[in-house]
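**Q** mind looking at a prediction? Sequence and model below.
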Amino acid sequence: MEKQKNIGKDTKVDWIENSAKQARVSLGGVSSCLCTIYHNGKAKIMIIDNFETPEKYRNQGYGQKLMKEVIDFAKTQDIDSVELQVNKDNGVAIKLYEKNKFEKTDKYYYRLILNKWTI
């Protein structure tokens, strides 16, 4: 991959390698969580990109066990803050996050869809 690429008259892209790391935390092949870890100049942040338990394993405690493992992993990495976003209508996930002391922030999230996909 090129380290730098011109994409317009006065515009270039610099690829920054090793600025972020990704980790997948798995619980017995039943639940998994994909996380991105980066330093924003002030703090070491972990973003929970994807937290998933297949439907047939839900309501059996796997989500709670996985969340505990994710938080414990974050502590071993000296993470300052764990962040995520959740659909406001996903009450089950919100309950799990609040049970684990996540707090709602005042951030607003926006999305620009460049290619259609299904959610």
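**A** Thanks, I have it.
**Q** can you tell me the element the most centrally placed residue in the chain falls in?
**A** Closest residue to the average C-alpha location of the chain: Ile48 at 1.9 Å, with Cα atoms, centre = their mean. Element membership for Ile48, per DSSP states H and E: strand 44-52.
**Q** check which helices and strands the helix or strand following that strand is in contact with.
**A** Next helix or strand after strand 44-52 toward the C-terminus (DSSP H and E): helix 62-76. Applying 3 or more Cβ pairs under 8 Å, 6 or more residues apart in numbering; DSSP states H and E, one finds that helix 62-76 contacts strand 20-27, strand 31-39, strand 44-52, strand 81-83, helix 91-99. Bear in mind the C-beta positions are built from the backbone N, C-alpha and C, glycine included.
**Q** re the thing from before, got the buried residues for the strand holding Ile48?
**A** Ile45, Met46, Ile47, Ile48, Phe51 (16 or more other Cβ atoms under 10 Å).
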